[in-house]
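> give me the fold of what follows.
(one chain, ligands or ions: 2)
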Amino acid sequence: MIIIGFCNLKGGVGKTTACQNIAVGLARKGKRVAVVDMDPQSNLSAGFGVIPSATDPQVFDLLSGGAEWDDILRIKEGVDIIPSSLDLTMAELNQTGPLSSDHVLRDALKKISQDRYDYILLDSPPQLGIFTRNVLAACNKIIVPMDGGYYSLFGLKLLDSSLDILSERLGNELEILGILMTNFNSRLYISRQIYDDVKKNFGDVLFEKYISQSVSLIEASNMGFSIFEYSPKSKAAQCYKEVTEELLKKLEKFSAPSTRKAAPVVVKPKKKEEKQEPEPEQAPEKIQAAPVKKEPEPPEEPEAPAPVINSRPQSTAGPYEEGIKQEVIDMLPESRKAMWSQMLAPISDITRGEIDVKELREDFERCDNGRYTFYVLNDEQESLWPVMYPDQIVEPMRCVIKWDEYGAVEVFM
Ligand code: ATP
Ligand code: MG
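Ligands and ions are numbered 1, 2, ... in the order given. This next block holds a predicted model:
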């Protein structure tokens, strides 16, 4: 019996969707599979159409010893499901309750006969709280789902760099079995770059197959089905089928003794997630590890003189920075592209300039599509006011604009 935890400290990266569909994919391969929903959001349970009533036993009862595995489990699509509900949150709040230890789930799973299941998959919430620690203490291997955005890379990096310390604390030698791109838009430059970076740093641990963005997956879980049940002929079902096959191959390979070394050097912090663009479903394809050739055009040199006081030094920006910069510039009106081309710079590449604050605000509002955060900061780097309160800004102002390490754009006065 192999227990696999689905973890990424970033939320919304496809952990639950992957856990559900891989579980059903494995069941369809004739494997005996159970899933445990260790997330109080209970998305995995709902994804299977299982919503326990207040009196139904669920994972909380398993952990507290209030009910046995067989009294709790529901069976859907050939998978045994231990559902959760918001009651689990109460367990977290009650520090002296059954979930005061990181090993409650592990101990509960130990009671299950080793030959009852081939695989038990554990879904976890995004934070490294008590539920995720219980998942990590109970599992033999970890699958890290990622959505191809910068923040999920950050979640991977956080998890990876914590593995040694967590292994020690939890008394469980943790190993990443696979990193899976779950909601992947191969047309996005940044996603392809992230794929390549992860490949470079983690090698074969990265699943070669990725799950393309697909509306069917959202619909399927909303309707309470796996993609195999909801839309068996869809590209997404094909993706998950192939990922399941790849997983089975990985499991063969990884059943050898653990070879995990100290955490590999992970991709250095890069800039922020690209704007998600809808991508039509497409057949899963192998992504070449080779660097992506088609890159965004570097920003053009301004044709008109920009209102810059001292010109920008030679850019040290890598492809991420240039990609994000280009994305911001693309959103701006033609008349101000040149100025921003000069002004926007990564943190290592400071620029100074004078800018009309009203225009600055308009530009920020235009770019503030929920993906970028703009702040006006003073020299002590305290936030004076968000740009949405522009009346307080006296114009014109001199400013320094730079990315922080997470990709937010900051304006220093
Ligand atoms: P949380 O951290 O909140 O538990 P999660 O990591 O479990 O989130 P999911 O709930 O699996 O993430 O997915 C987040 C959202 O993305 C859901 O609405 C899901 O339907 C959607 N999603 C997952 N995979 C895809 C995909 N390949 N294409 C489009 N949408 C997807
Ligand atoms: Mg989830």
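> who are the contact partners of the residue in the stretch 1-150 of the chain positioned nearest to ligand 2?
Evaluated by Cβ to the ion, the stretch 1-150 of the chain has T16 as its residue closest to ligand 2, separated by 3.2 Å. Bear in mind the C-beta positions are built from the backbone N, C-alpha and C, glycine included. By Cβ atoms under 8 Å, 6 or more residues apart in numbering, the residues touching T16 are 6, 39, 43-44, 47, 123, 221.
> check the gap between it and ligand 1 for me.
3 Å (Cβ to the nearest ligand atom, to the nearest Å).
> try P145
From P145 to ligand 1 the distance is 6 Å (Cβ to the nearest ligand atom).
> is that residue in a helix, a strand, or coil?
When classified by DSSP: H, G, I helix; E, B strand; the rest coil, P145 comes out as strand.
> so which residues on the stretch 151-300 of the chain come close to ligand 1?
182-183, 211, 213-214, 217-218, 221 (Cβ under 6 Å from any ligand atom).
> picking up where we left off before, phi, psi of the residue of the stretch 1-150 of the chain closest to ligand 2?
The phi and psi values for T16, taken as degrees, to the nearest 10, are phi -70, psi -40.
> going forward, the N-terminal residue is numbered 35.
With the count now opening at 35, the last piece we talked about shows up as T50.
> and it, what's its pLDDT?
T50 is assigned a predicted lDDT (pLDDT) of 97.
> repeat that for H137.
pLDDT, H137: 93.
> what strand or helix carries the closest residue to it other than its chain neighbours?
With sequence-adjacent residues excluded and distances taken as Cβ to Cβ, 6 or more residues apart in numbering, H137 is closest to A171, at 5.2 Å. Assigned by DSSP states H and E, A171 belongs to helix 164-172.
> then D104?
Following DSSP H and E, one finds D104 within helix 103-106.
> so which bits of that helix are buried?
When burial is assessed from 16 or more other Cβ atoms under 10 Å, helix 103-106 yields the following buried residues: 103, 106.
> elements contacting that helix?
helix 93-98 (3 or more Cβ pairs under 8 Å, 6 or more residues apart in numbering; DSSP states H and E).
> other residues contacting the helix it packs on?
70-72, 100-103, 105-106, 116-119, 121-122, 124-125, 131-133, 138-139, 142, 168.
> what about A61, distance to ligand 1?
18 Å.
> is L139 in a helix, a strand, or coil?
Once three-state DSSP is applied, L139 turns out helix.
> just give me the neighbour total for it.
Applying other Cβ atoms under 10 Å, we find 28 residues neighbouring L139.
> you'd agree it is up against W103?
No. Look at L139 against W103 with Cβ atoms under 8 Å: they stay out of range, at 11.7 Å.
> overlap in contacts of those two?
Contact criterion Cβ under 8 Å, 6+ apart; residues shared by L139 and W103: none found.
> hmm, back to that, show me which of the residues of the stretch 185-334 of the chain next to ligand 1 are buried.
216-217, 245, 247-248, 251, 255.
> thinking again about what came up before, measure the residue of the stretch 35-184 of the chain closest to ligand 2 to D149 for me?
Distance of T50 to D149, computed by Cβ to Cβ, to the nearest Å: 27 Å.
> contacts only, for P160.
By Cβ under 8 Å, 6+ apart, the contact list for P160 reads 42-47, 49, 166, 189.
> from I199, how far off is P160?
P160 is 19 Å from I199, by Cβ to Cβ.
> mind checking the SS state of I38?
strand.
> what residues are bridge-paired with it?
Note on I38: beta-bridge partners by DSSP bridges are L155, K175.
> mind checking what secondary structure N256 has?
Once three-state DSSP is applied, N256 turns out helix.
> next one: it relative to ligand 2, how far apart?
14 Å (Cβ to the ion, to the nearest Å).
> and for P367?
39 Å.
> give me the phi and psi for that residue.
The phi/psi pair for P367 (degrees, to the nearest 10) is phi -70, psi 150.
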